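Enquirer: got a predicted model here, sequence first, then my questions.
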Amino acid sequence: MTKKIFARACFLLFLFITVGLNITKADVQSPQDSIKKILPTLKGEPRLQALVDIYTLIAMGDDFEAELAALENLRNEASKQGNADFEGQARLKQVFCFYNYNAFDSLEMVLPNHLEFMAQHEQWDYYYNSWEAKIEMLLYADKTQTALKETQLMYDDAKTRNNNYGLGVSTHSLGIIYQTLQRYDLAIKSFNEAVERLTKEKDISLLLNTYNVLSETLDADQKYTQMLAVAEKWKATIDDYKRGAEERGITPMLNGRYLYCYLALTVAHFQTGNTEQAEQYMRISEELAKGRGMVSQFKLLHIQTRLYEHLEDYDKAIAFADTNYQRVIDFGDSVSALTVLENKARILRKAGKGMDAALAYEYVMAAKDSLRNLDMAAQLDELRTMYEVDQLILKKKITTSRLIILFVISIFLVLLLVGYIFYTRRLNRKNRVLYEKIRRAQQVETQAEKILREVPENTLSKEQALFRELNKLLSEKLSFTNPKLCRKELSEMLGTNVTYLSTAIKECAKGMTITEYINRVRLVHAGNLLIEAPQLPVDAVGEESGFNSRSTYYRLFRDYYGMSPTEFRQISKQKSKKIIP
């Protein structure tokens, strides 16, 4: 290691002198051009290191093709010199390059060859880090089941090789997947195993990341005593690393690492009753966050919102939530923005601002319905893709020998049946989850309507008062069950005109038209009838709810609930019989 450092220092000194001698007032070259100019004079490892420096400078920009070309030059030169370490670095950097630019197809194409090379030269850190990049890309593409399957393959591979680092990486990835699926018990178990294994490794980067996601999972699962213990071990690990580096004369840059750790300590302390310590850690976190990137700022604002909500300083909590919401929207993360807005709605309700809370809840529920439908479609597409891949594999096996074609066809039919059963069970399970989410959403909507009814009359605007009267009329007289109900007739019932009614609904129901809002009320009523009146035929439910067209009823029901009325009733019957686990 000392020889390598000395050689690197000599090379940099040589580069500095050479560049200095060649710079004139009329001819100022970029560092990259300067290195390229002296490259023909270099041989051996200095030449390889120069190629690494060229790639590093290119990677500071945003030129995918230039980065790949620089890595190909490095890889070819390392192969020519027979330097497996530099070639392994080049292959790993290429994997990360494809990952950073979302070139998933290219990553999949080169990965088998790269893994084979790294395994051949026992470059296990490169090997498992490259494999992990593929898993992260699968998760980024919402291919959760495929990622889970790939992670299990990596775990089995590391277990066969008895490789501690590989087992640490794979259990970390398993934890991330289970966290995404909200299987917090399995996620915590996986993260704990990852911590146990990664503690034995010299490089603590992945260990610190594991502490972070483990703390987040314990927070989501409301296990704050365990979270506090994990956060304290996390801080001790960073402290030990910092102390060791300083003893070697190195000053490590650890503000980012400490920031997330102190934020976790803040949450754990105020959730376990130690508010004074939580406020102290928050002040430290605010100092550490200065000058850091957007993601760090989002995290800080989120914890500040929670802390001041806990302290019942609702004005401050709402202010932090508003700031975080605007920054997340500007950043383009609409999913995280919904979480921020939902937290704000909860705080508004606690602060006694019922109408504002009700409107915020209404918007969040509508947006989540849309996201849920997209997520369902993505998961079904993934299952279909996995099934089609299995079919292709089976067809390829059929062609290998005509002597076993009958056997292969039999296997295919069995797998097809199993696949159908598996698909049906998964679809049923997803419908059950969807059913539960819908019922919870309707409970939230009911709560929001209750809050609206309790708001004093003198605090409501003219539109809000009219909207409240509309909901009262619909719930008490069930006017919407008349399929011939028109806007004019409804306006007359309320003693107003169509224009005022349309404005009130548009303002209080997030831009809906009168027809859209009435149809939504009919859909909620239809859902309740499907549950509460099992003897009533499905088609009759649509008629009882005010729909004069069977096709319109089915289309609008599927758009709103994410499933057909028949499927909805089946799930509700299973729920009533306690078949659903």
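Expert: Looks like it came in fine.
Enquirer: how is this protein divided into domains?
Expert: 357-455, 459-581 (automatic domain parsing).
Enquirer: and those, which one is worst for confidence?
Expert: With a mean of 60, domain 357-455 has the lowest mean pLDDT of the domains of the chain.
Enquirer: so what touches the host helix or strand of L111?
Expert: Element membership for L111 (DSSP states H and E) is helix 104-120. Here helix 104-120 makes contact (C-beta atoms under 8 Å, 6 or more residues apart in numbering) with 87-88, 91-92, 94-95, 98-99, 123-124, 126-127, 130-131, 133-134, 137, 141. The way it works is simple: take the backbone N, C-alpha and C, and place the C-beta from them, glycine included.
Enquirer: which element follows that helix toward the C-terminus?
Expert: helix 124-140.
Enquirer: buried residues in that following helix?
Expert: 124-135, 137-139 (16 or more other C-beta atoms under 10 Å).
Enquirer: so how far is the helix holding L111 from its chain's centroid?
Expert: 26 Å (C-alpha atoms, centre = their mean, to the nearest Å).
Enquirer: quick one: it to helix 124-140, angle?
Expert: If you take axes from the mean of the first three to the mean of the last three C-alpha atoms, to 10 degrees, helix 104-120 sits at 160 degrees to helix 124-140.
Enquirer: buried sites along helix 104-120?
Expert: In helix 104-120, counting by 16+ other C-beta under 10 Å, buried: F104, S106, L107, L111, H114, L115, F117, M118.
Enquirer: ok, now how distant is the fifth one from D203?
Expert: Spatial separation of H114 from D203 under the definition C-beta to C-beta, to the nearest Å is 20 Å.
Enquirer: excluding sequence neighbours, find me the nearest residue to the residue nearest the centre of the chain.
Expert: In the chain, the centroid-proximal residue (C-alpha atoms, centre = their mean) is T180; its distance is 6.7 Å. Spatial nearest neighbour of T180, chain neighbours left out: T144 (6.0 Å); criterion: C-beta to C-beta, 6 or more residues apart in numbering.
Enquirer: what about that neighbour, how many residues close to it?
Expert: 18 (other C-beta atoms under 10 Å).
Enquirer: could you say what helices and strands whichever strand or helix holds K506 packs with?
Expert: According to DSSP H and E, K506 maps onto helix 498-508. When contacts are defined as 3 or more C-beta pairs under 8 Å, 6 or more residues apart in numbering; DSSP states H and E, helix 498-508 packs onto helix 462-477, helix 487-493, helix 514-532.
Enquirer: confirm that M512 sits in a helix.
Expert: No: checked against DSSP: H, G, I helix; E, B strand; the rest coil, M512 lies outside a helix; its state is coil.
Enquirer: give me the number of residues near the residue nearest to it when sequence neighbours are not counted?
Expert: Take M512 and drop its neighbours on the chain: the residue closest to it by C-beta to C-beta, 6+ apart is I505, 5.7 Å away. When neighbours are counted by other C-beta under 10 Å, I505 registers 23.
Enquirer: does I505 touch R468 like I think?
Expert: No: counting by C-beta atoms under 8 Å, I505 stays clear of R468, with 11.7 Å between them.
Enquirer: isn't L473 up against F480?
Expert: No: if you go by C-beta under 8 Å, L473 and F480 don't touch, sitting 9.4 Å apart.
Enquirer: the more surrounded of those two?
Expert: Higher neighbour count among L473 and F480: F480, with 22 against 15, using other C-beta under 10 Å.
Enquirer: tell me the secondary structure for that one?
Expert: F480 is classified as helix under three-state DSSP.
Enquirer: next one: Y155
Expert: helix.
Enquirer: now L68: closest residue in space, sequence neighbours ignored.
Expert: C97 is the one closest to L68 (C-beta to C-beta, 6+ apart), at 6.3 Å.
Enquirer: name the residues of the strand or helix carrying the one you found that are buried.
Expert: Taking DSSP H and E as the criterion, C97 maps to helix 84-100. Neighbour-count burial for helix 84-100, counted by 16+ other C-beta under 10 Å, picks out 84, 86-99.
Enquirer: tilt between it and helix 124-140?
Expert: Using the same axes, to 10 degrees, helix 84-100 lies at 10 degrees relative to helix 124-140.
Enquirer: what's helix 84-100 in contact with?
Expert: Taking C-beta under 8 Å, 6+ apart as the rule, helix 84-100 contacts 45, 48, 52, 55, 59, 64, 67-68, 71, 74-75, 77-79, 103-104, 106-107, 110-111, 114, 117-118, 121, 123, 126, 129-130, 133, 136-137.
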